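In: Give me the fold of what follows.
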Amino acid sequence: MSEKILVVDDERPIANILKYNLEKEGFEVYTAFDGEEAIHTALDVKPDLILLDIMLPLKNGFDVLKELRTQMTMPVIMLTAKEEESDKIMGLDYGADDYITKPFSMKEVIARIKANIRREKYKDPDEEKKSKMVQYGNLKIDFNKLEVFREGEIIDLTHREFELIKYLVLNPDKVFDREHLLKMVWGYEYGDLRTVDVTVRRLREKIETIDDKYIITKRGVGYYFRRI
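Out: Residues are numbered from 1 along each chain as shown. Sure, this is the predicted structure:
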């Protein structure tokens, strides 16, 4: 069965180009041209992945993503013509898995879609159960329930933030460069390395305190998880 992709963009020529090229790759493609239509179509067809533009009529992409994340967990890649860091942070914070800035390469779009679907399709359902639970300092991670606690209070993490802390925690005190993390956590052979930096920044804001620093930057190299 072909994976279903929902392309959401109010610029119909862009949506049609994406649809044409993705169908050539064997995907079943649906389109929506405003925020309301995007939500209705997503709930109806239950796509395996959504390409979601930020600038949309009726409801913008952020509002669409926020609403869908209360009911659906499929990967979402934001499409944006903006370069502002705040837009990228907001998208990731609302639960986007990544972003692609227009104008984009069709090869890059297809590669990222395949990487995200591959990770979802071939995830080991028993992986978290094997890992069970770990605790460092005031931070506790329950791999069975996919939950993270700080000082006993549950932290609201996006799917990608959880995958990142999980990877770092299961490989403590090992330094990983951004290219490696992009490949292992996002499944990308190449891409915007700022995606890693933004996700690390948001994750730090959620799990760390003034006294407890877990994700350490190795200047000029990358990041690692420090056991406390």
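
In: remind me which residues of the protein are low pLDDT?
Out: 1, 82-85, 121-131 (pLDDT under 70).

In: let's see 50
Out: Filtered on pLDDT under 50, the chain yields the residue ranges 125, 128-129.

In: Tell me which residues touch the most centrally placed residue in the chain, please.
Out: The centroid of the chain falls nearest to Asp97 when counting by Cα atoms, centre = their mean (1.4 Å). Counting by Cβ atoms under 8 Å, 6 or more residues apart in numbering, Asp97 makes contact with 75-77, 116, 159-160, 186. The C-beta positions use only the backbone N, C-alpha and C, and glycine is treated the same way.

In: Closest one of those to Thr209?
Out: Thr209 lies nearest to Arg160 out of these, by Cβ to Cβ, at 22.1 Å.

In: any idea how far Asp34 is from the nearest residue to that closest one once chain neighbours are set aside?
Out: Nearest non-adjacent residue to Arg160, counting by Cβ to Cβ, 6 or more residues apart in numbering: Asp97, 5.2 Å away. Relative to Asp34, Asp97 is positioned 22 Å away (Cβ to Cβ, to the nearest Å).

In: Would you mind measuring the gap between the ends of stretch 141-160?
Out: End-to-end distance of stretch 141-160 (Cα to Cα, to the nearest Å): 15 Å.

In: What segments of this structure are strands?
Out: Applying DSSP state E to the chain gives strands spanning 4-8, 28-32, 49-53, 76-80, 98-101, 133-136, 139-142, 147-150, 153-155, 215-218, 222-225.

In: Compile those into CSV and extend it with columns for distance to Ile207 and mean neighbour count.
Out: Shown next, in CSV, are the strands of the chain (distance: least, Cβ to Cβ, whole Å; neighbours: other Cβ atoms under 10 Å):
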stretch, distance to Ile207, mean neighbour count
strand 4-8, 31, 25
strand 28-32, 35, 19
strand 49-53, 27, 26
strand 76-80, 22, 24
strand 98-101, 21, 20
strand 133-136, 10, 14
strand 139-142, 6, 20
strand 147-150, 6, 18
strand 153-155, 6, 13
strand 215-218, 8, 14
strand 222-225, 10, 20
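
In: May I see the ones you listed arranged in CSV, with distance to Glu108 as well?
Out: What follows is the strands of the chain, written out as CSV (distance: least, Cβ to Cβ, whole Å):
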stretch, distance to Glu108
strand 4-8, 15
strand 28-32, 17
strand 49-53, 12
strand 76-80, 10
strand 98-101, 7
strand 133-136, 35
strand 139-142, 32
strand 147-150, 31
strand 153-155, 32
strand 215-218, 27
strand 222-225, 22
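
In: just so I know, which of the ones you listed lies nearest Lys88?
Out: Per Cβ to Cβ, nearest to Lys88 of the strands of the chain: strand 98-101, 5.3 Å.

In: longest helix anywhere in this protein?
Out: Longest helix in the chain, counting residues (DSSP state H): helix 106-121.

In: can you list contacts of that one?
Out: 3, 5, 17-18, 21-22, 25, 27, 48-49, 51, 74-75, 77, 97-98, 100, 186-191.

In: That one versus strand 49-53: what angle between them?
Out: Interaxial angle, helix 106-121 versus strand 49-53 (axes from the mean of the first three to the mean of the last three Cα atoms, to 10 degrees): 140 degrees.

In: Show me how far helix 106-121 is from its chain's centre.
Out: Relative to its chain's centre, helix 106-121 lies at 12 Å (Cα atoms, centre = their mean, to the nearest Å).

In: Please enumerate the helices of this structure.
Out: Ranges of helices in the chain, per DSSP H, are 12-24, 35-45, 61-68, 85-93, 106-121, 127-131, 159-169, 178-181, 194-207.
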